[in-house]
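Q: Please find the sequence and the predicted model below.
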Protein chains: 2
Amino acid sequence: MTLHLPSKRCTGDDRRRAVALAARALIVERGLEGLRTRDIAARVGINIATLHYHVPSKEALVALVAESVRLDFRAQAERRPRTGKTALEQLRLEFDDFRETVEEMPELIIVLTEMIERARRDPAIAAIVAPIQEHWRTQFAEIFELGIADGSFRPNLDPVAAALITTGTLADYWRLLTPLRTPLDRVFAEIEHAFGAPHSSQGKQNHVL
Amino acid sequence: MTLHLPSKRCTGDDRRRAVALAARALIVERGLEGLRTRDIAARVGINIATLHYHVPSKEALVALVAESVRLDFRAQAERRPRTGKTALEQLRLEFDDFRETVEEMPELIIVLTEMIERARRDPAIAAIVAPIQEHWRTQFAEIFELGIADGSFRPNLDPVAAALITTGTLADYWRLLTPLRTPLDRVFAEIEHAFGAPHSSQGKQNHVL
DNA sequence: GGAGGTCTCAATCAAATGATTGATTGACAG
DNA sequence: CTGTCAATCAATCATTTGATTGAGACCTCC
């Protein structure tokens, strides 16, 4: 991968990547609403014309950003093997994952939220963003399904509804304006109580099966 | 309320109200991102200068819209007496309320979401929008607290966490891009199961106490 | 009837903004 | 050395957009 620090010229892909990252940073700062092609070019350190050479239009640019976010999410989702774990363990892994993402790449979530908002009136963006949400939801639904079978969770649990509740809770949590003294842990614990098997006291010790 | 159809002149408050409504409609169509003062003026049927006479700046206009949304939410929240009901009944009232809002004034929620997004980088809007969310959350927290006392809900329920889960779930539900064949009812039912007292089978018949 | 305030508009401004043009540079193949 | 092509830039365009100005119209109260 030729970096653009030593040599002045870069390959198109490198430039596009740099543009996407700069755009993401600017979206975090000023929102999609305040995103300007000039600012992106300036942050990358190139001319506006050069930007337009690599990314034909602003519409394409937003799509490029959405796509880069999608890839980042997929990459982050792929580097966790969950095989051979109980459902409860998998659920906690998922929680850890979320906490990690919130703490280490909050910018990624912010941009995703902006994209989701835009997706409501932009089918092209919707097509990119929907799979991300779908995948996340499915992930939880499968965990709950497994958990019903292995006894981690309530027998009368509705896996799909539970997944909707879980993803909705997490997606909305970080959106909260008030910094919120209620820590994420309490929410996680409450979700476990809410979906866990009623008799098995699966508080700290996980003696499933 | 003097309409502006027969007589040409209106009082300032009427105009401001009309401007706010037109702006809300435009936000639904094109987002805050695509909101243009000219378009608002055109929709109201007035000159741009007249718009600026009633609302000094675009910033003030966005604040006006946020404020109008806040008032609408407050009005909608106030017209429901919940005294003398059990916690479970109150929870279901709240669910009915949400469903009604989603079905009858989805535009209100869309605008609120845009405002929440903007609030992240605009303190003035944050100050208007935060109380709405706060109130909603508190509402549920109180219901859960009452429900623990009256036996509707689990004794080990964390009311604040449960409220966060509930509001997060609802707030995120309507945001979903895929029209989602999973009906709201299943989510509601799952929440009731999740927080309900484990032994009392409060599925359809509500024989609390 | 007129003084003063409220309300409205046509015309215009200055800045911002997405996009284009035409020329230049550097790398590399033959 | 030369032709080709990706990559880059300065300059500029055509609109868009938030905001202002100055001239009236309409209403109310005296």
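A: Perfect, I can see it now.

Q: who touches A:A63 in this structure?
A: A:A124, A:I125, A:I128 (Cβ atoms under 8 Å, 6 or more residues apart in numbering or on different chains). (Glycine included, C-beta is placed from N, CA and C.)

Q: can you map out the strands along chain A?
A: With strands called from DSSP state E, chain A shows none.

Q: sorry, back to before: out of the contacts of A:A63, give me the one that has the most neighbours.
A: A:I125 (24 neighbours; other Cβ atoms under 10 Å in any protein chain shown).

Q: so what's that one up against?
A: With Cβ under 8 Å, 6+ apart, A:I125 has these contacts: A:V62, A:A63, A:A66, A:M115, A:R118, A:A119.

Q: Which member of those residues is positioned nearest DNA strand C?
A: Checking the contacts of A:I125 against DNA strand C with Cβ to the nearest atom of the strand, the nearest one is A:V62 at 9.9 Å.

Q: tell me the pLDDT at that closest one?
A: The model reports A:V62 with a pLDDT of 97.

Q: That one contacts A:A119, correct?
A: No. A:V62 is beyond contact range of A:A119, at 10.5 Å (criterion: Cβ atoms under 8 Å).

Q: Outline the domain layout of chain A.
A: Structurally, chain A divides into domains by automatic domain parsing as follows: A:12-56, A:63-195.

Q: now check the last one, is it near DNA strand D?
A: Put plainly, it is domain A:63-195. No. Using Cβ under 7 Å from any atom of the strand, domain A:63-195 stays clear of DNA strand D, with a minimum separation of 14.6 Å.

Q: Distance from that domain to the middle of the chain?
A: 7 Å (Cα atoms, centre = their mean, to the nearest Å).

Q: And it, end to end?
A: One end of domain A:63-195 sits 37 Å from the other (Cα to Cα, to the nearest Å).

Q: Same question for the first one.
A: End-to-end span of domain A:12-56 (Cα to Cα): 12 Å.

Q: Could you report the distance from A:V187 to DNA strand C?
A: Distance of A:V187 to DNA strand C, given as Cβ to the nearest atom of the strand, to the nearest Å: 38 Å.

Q: swap in A:D14?
A: Distance of A:D14 to DNA strand C, computed by Cβ to the nearest atom of the strand: 14 Å.

Q: still on that earlier bit, looking at neighbours, which among the contacts of A:I125 is most surrounded?
A: A:A66 (26 neighbours).

Q: need the contact list for the residue nearest to it when sequence neighbours are not counted.
A: Computed as Cβ to Cβ, 6 or more residues apart in numbering or on different chains, the closest residue to A:A66 that is not its neighbour in sequence is A:I128, at 4.3 Å. Contacts for A:I128 (Cβ under 8 Å, 6+ apart) come out as A:A63, A:A66, A:E67, A:R70, A:M115, A:A119.

Q: now do 7 Å
A: Listed by Cβ atoms under 7 Å, 6 or more residues apart in numbering or on different chains, the contact set of A:I128 reads A:A63, A:A66, A:E67, A:R70.
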